[in-house]
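J.: What follows is a predicted protein model with its sequence.
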Amino acid sequence: MDLTMLNENQKLGVTTTKGPVLILAGAGSGKTRVLTYRAAYLIEQGVNPYNIMAITFTNKAASEMRSRIDQIVGHGSSAIWVATFHSTCVRILRRFADRIGYDTNFTIYDADDSKKLCKEVLKKLDIDSKLYPEKRCLSEISSAKDELVGYEKYLADVHDYGDDDTIARVYREYQIQLKENNAMDFDDLIMLTVELFKKCDDVLKGYHERFQYVMVDEYQDTNTAQFELIKLLAGGSNNLCVVGDDDQSIYKFRGANIYNILNFEDTYEGATVIKLEENYRSTPNILNVANAVIKNNIGRKDKSLWTEADEGEKVRFSRCDSAYEEAEKIVGDIDKMARLKKYSYGQSAILYRTNAQSRILEEKLIQETIPYRIIGGINFYARKEIKDLISYMKVISNPKDDLALLRIINVPKRGIGQTTINKIQDYAWGNNISFNEAMNKADKISSLSKATATKVTKFAKLLNELSEFSEKKPPSDLLERIIEETEYVELLKNEKTEEAKARIENIDELVSKVYMYEERANDEGEEISLDNFLAEVSLVADIDGYEDSDEVVVLMTLHSSKGLEFPNVYIPGMEENLFPSGRSLGGPDEAKELEEERRLCYVGITRAEERLTLLSSAMRPMRGQINYNAISRFVKEIPKDLLDGNVWEPTNNKDKEPVKISDMFSNHSRKPVAAQKYSAKNFGSKINKQPLSYEVGDRVKHFKFGEGEVKLINDGGRDYEVTVDFDDVGTKKMFASFAKLTKV
DNA sequence: CACAGGTCTCTTTTT
DNA sequence: GAGACCTGTG
């Protein structure tokens, strides 16, 4: 296999296949490249793809990895287990959940569902939600699960310290309810899989046999539960390769434990440690700024990124009077760059600390009719109409899911209100049957009027019919039938409002998503099932929908931007109280929290390939109020000479008279930066596009696919894309420098 | 039972 | 500024 376009350390990362390996990969150092080559290398060494596992955090990262492996080896990566932590666990639990007391058709609860359930628990336990808000309870429960602390242990620990056991009681009841509903929340998926492995040795052994080589991406983001999961999974062969960057650990609030990566060598004795410090993404000017900021963190693994790229443009900073002006500058600049053909809309990105910042930017973009896309905010699947219809499907898939059932029992309105629900619930409890069963016996519930009982019976009958229907038909047919029976779209049409129109469009999109799911499952030879579709839907991340080929400006949070890169980046809101977030300031753990914010800043800066603009505003509307914020300390950590213009006075910490950058709109002549050459879209390296030894019509040989005829050669600029019709495996498209075809 | 209109609170990041 | 929650009315 040709490894010539890897640097020495990258090569080491690819070829050190035995035992534990830690790859400390700085931003833009080609870590995905190493992982994908590693997988390809293993296959070439004769390892069955079936025995390889790669775990990521987002679906986007997973599918990207799969397609990149495909690009290198042509095809054959489909047998590799490439999946996110959560979908990995779902796949495992769908087979074995019955071993730990759940049905295998369990439902997955999203944050919304969890909140609702928690609210019910508080009500049931008669706990004042003013003193114990759901939010606090849920975050405590979530942290406990991230640390693999079940409610028994949580309760015991609390009692040991003689503390208030309220939250422990909530945790217990919450967990009991989940089980009764045959549901799991996000954290359960990981925790329960670990529990399964610890309890059922035979199950674990089975996976040990399968997973001979395990790789984990973004290892710095793993929490204790995920750490344990990996340890268990890789425990058979101990061929574990983790890739990460402690400087990019930004998910502490989600339980991420930075010590998982910092102490890797202690956990896995004899681990090989490989550092990747050469950056192939950004200009020196950008890297210097990134390094200047991150060096203020203590307790990090010492490293410093460097690059051979040309210096490039200076990083720019602009202090604005208002958030409005900030937006104006950004949008004006994006527009100008596009007009000057320096950066197209698709090459520009706006990254911010909080989702709330997107609104004002969006308004401005609409005003200037610039195409854009906002990642995050309100998740598609969190919309009312979508949740309603999905809830129908959930009830069909898992009749025990009372949460979903209660959501739709009166949607659309069928005259079943809270009073009726209470009466059914009482009957269910009194007779020790489920809510669903009670509904089916509505005529026996004496407290219900005849008219009401009829309504309930009618609804119960509808569900039964749908359930029977779904046994014979695929999810798409079920959804269409639900829409028909409930007249959901009909009712919206009658409203004749813009809002209703948008909702109908969303429903149409949901329908096509179901069809897309079925098509894909079909292609990949997976079983098409309602359960699988619903699981997939529950586990989509905002970023999964992002296509970098779209020619639009993207807006997203700094968190979502991790792993991405853009030639032209804007980071507005560089202000104290916003970034770093006010929540990180003034607490007992301020120093630690600030370090996390700083890492987030580092992530943001290192997203930029060529041009980076930081902005800050003196006035900013926050929580419906105007806030006056000082310039972010992170900006002040950047030596002045690294920034464009004398833009702030480091000695004047009142920030009252920030100097505005005058040439914000002026005509910068962009130096021909090395980005074309170094952008990681080209696999982050100097590609040596060599002349081909074959041409269209020639017979060629591929190390894996055997012989075939060249059908088409496409000059893609940095590499040739070759289409070959192989004798055995059919037509494949591949990059010449990866495929290493030889003329025969 | 449904809905409108008022008041209240809480605001980070997300699989 | 949005969302949840409460209350009064038809």
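T.: Okay, I see it.

J.: going forward, measure contacts between C-alpha atoms and count neighbours the same way
T.: OK.

J.: Spit out the contact partners of the residue nearest to A:Phe211 when sequence neighbours are not counted.
T.: Distances taken as C-alpha to C-alpha, 6 or more residues apart in numbering put A:Asn51 closest to A:Phe211, at 4.8 Å, once the chain neighbours are dropped. By C-alpha atoms under 8 Å, 6 or more residues apart in numbering, A:Asn51 lies in contact with A:80, A:209-213.

J.: can you do 6 Å?
T.: With contacts taken as C-alpha atoms under 6 Å, 6 or more residues apart in numbering, A:Asn51 has the following neighbours: A:210-212.

J.: now A:Ile605
T.: A:Ala290.

J.: quick one: it from A:Leu42, how far?
T.: 34 Å (C-alpha to C-alpha, to the nearest Å).

J.: in a helix, that's where A:Ser693 is, yeah?
T.: No - judged by DSSP: H, G, I helix; E, B strand; the rest coil, A:Ser693 forms no part of a helix; its state is coil.

J.: Next up, the contacts around the nearest residue to it once chain neighbours are set aside.
T.: Closest residue in space to A:Ser693, ignoring its immediate chain neighbours: A:Lys743 at 6.7 Å, by C-alpha to C-alpha, 6+ apart. Neighbour list for A:Lys743: A:694, A:699-700 [criterion: C-alpha under 6 Å, 6+ apart].

J.: What is the nearest of those to A:Asn506?
T.: A:Val700 (48.4 Å; C-alpha to C-alpha).

J.: which residues in the stretch 401-550 of chain A form helices?
T.: With helices called from DSSP state H, counting those that start in this stretch, the stretch 401-550 of chain A shows them at A:402-408, A:418-430, A:435-440, A:450-472, A:475-486, A:488-495, A:498-523, A:530-538.

J.: picking up where we left off before, out of the contacts of A:Lys743, grab the one that's most surrounded.
T.: A:Val700 (21 neighbours; other C-alpha atoms under 10 Å).

J.: Which residues are in contact with that residue?
T.: Contacts of A:Val700 by C-alpha under 6 Å, 6+ apart are A:707-708, A:742-744.

J.: Please apply the same query to A:Tyr352.
T.: A:Tyr352 touches A:557-558, A:571, counting by C-alpha under 6 Å, 6+ apart.

J.: Return the member of these nearest to DNA strand B.
T.: Nearest to DNA strand B among the contacts of A:Tyr352 is A:Thr557, at 5.2 Å by C-alpha to the nearest atom of the strand.

J.: ok, which residues in the stretch 401-550 of chain A are in contact with DNA strand B?
T.: Contact residues, the stretch 401-550 of chain A versus DNA strand B (C-alpha under 7 Å from any atom of the strand): A:410, A:413-421, A:539-543.

J.: rerun that using 10 Å as the cut-off
T.: Proximity of the stretch 401-550 of chain A to DNA strand B, by C-alpha under 10 Å from any atom of the strand, involves residues A:409-423, A:448-449, A:452, A:455, A:538-545.

J.: Also the stretch 101-250 of chain A?
T.: So far as C-alpha under 10 Å from any atom of the strand goes, the stretch 101-250 of chain A lies against DNA strand B at A:109-112, A:114, A:129-136, A:139, A:142, A:146, A:185-190, A:223, A:250.

J.: Return the subset of those residues lying in helices.
T.: Mapping these onto helices (DSSP state H) picks out A:111-112, A:114, A:134-136, A:139, A:142, A:146, A:186-190.

J.: ChimeraX command for the buried members of these?
T.: The buried subset of these, as determined by 16 or more other C-alpha atoms under 10 Å, is captured in ChimeraX by this line:
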select /A:114,134,142,146,186,187,188,189,190
